[in-house]
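**Q** what shape does this take:
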Amino acid sequence: MVGVKDMARSAQFYDIILGIVSAKRMMENEKFVLWNDSTGQASFAICIPFNGNEATIGNGSMIAFALENNEMVHKIYDCAIEAGATCEGPPGTRSGDYYICYFRDFDGNKLAAYHYPHEDHL
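**A** Numbering: from 1, shown residues only. Predicted structure coming up:
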């Protein structure tokens, strides 16, 4: 879960990004939206902070989405940037054969999408 300032704008952004991996809104109210792809994978959510303070980013925090192939990494990155995200690192191979991209949402939350082609990945 990440905190956001504008629920409607952020929910629309994540509908686009998470729709690429077939995740759909599974729960929501005016301060919370949760997506899941119904396959037993982890859920992702956004919220207006419960304490009433403005949402802030975590220093050193990042959410990473595991994807099936490099093409999906490109697709999520391209859609995220087109939808208004900022680039933190374009798709490419990084340490340990990870094919990964980095971007930030409207609120500065850092996200990554990656493909790791080896069986030793848990």
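**Q** all strands of this protein, in order?
**A** In the chain, the segments counted as strands under DSSP state E are 2-3, 24-29, 32-36, 44-47, 63-66, 86-94, 98-104, 110-115.
**Q** next, count neighbours for Phe50.
**A** Residues near Phe50, counting by other C-beta atoms under 10 Å, number 9. Just so you know, the C-beta spots here come from the backbone N, C-alpha and C atoms, and that holds for glycine as well.
**Q** ok, it - contacts?
**A** By C-beta atoms under 8 Å, 6 or more residues apart in numbering, the residues touching Phe50 are Lys31.
**Q** in stretch 94-108, what counts as buried?
**A** Tyr98, Tyr99, Ile100, Cys101, Tyr102, Phe103, Arg104, Asp105, Asp107 (16 or more other C-beta atoms under 10 Å).
**Q** and stretch 47-67, end to end?
**A** 24 Å (C-alpha to C-alpha, to the nearest Å).
**Q** sorry, back to before: nearest to Ser10, of the strands of the chain?
**A** Among the strands of the chain, the nearest to Ser10 by C-beta to C-beta is strand 44-47 (5.2 Å).
**Q** low-confidence ranges, this structure, go.
**A** The model of the chain has pLDDT under 70 over residues 120-122.
**Q** which one is the residue positioned nearest the centre of the chain nearest to, not counting chain neighbours?
**A** Using C-alpha atoms, centre = their mean, the residue of the chain that lies closest to the mean C-alpha position is Leu111, 5.0 Å off. Counting by C-beta to C-beta, 6 or more residues apart in numbering, Leu111 lies nearest to Ile63, which is 5.2 Å off, once chain neighbours are set aside.
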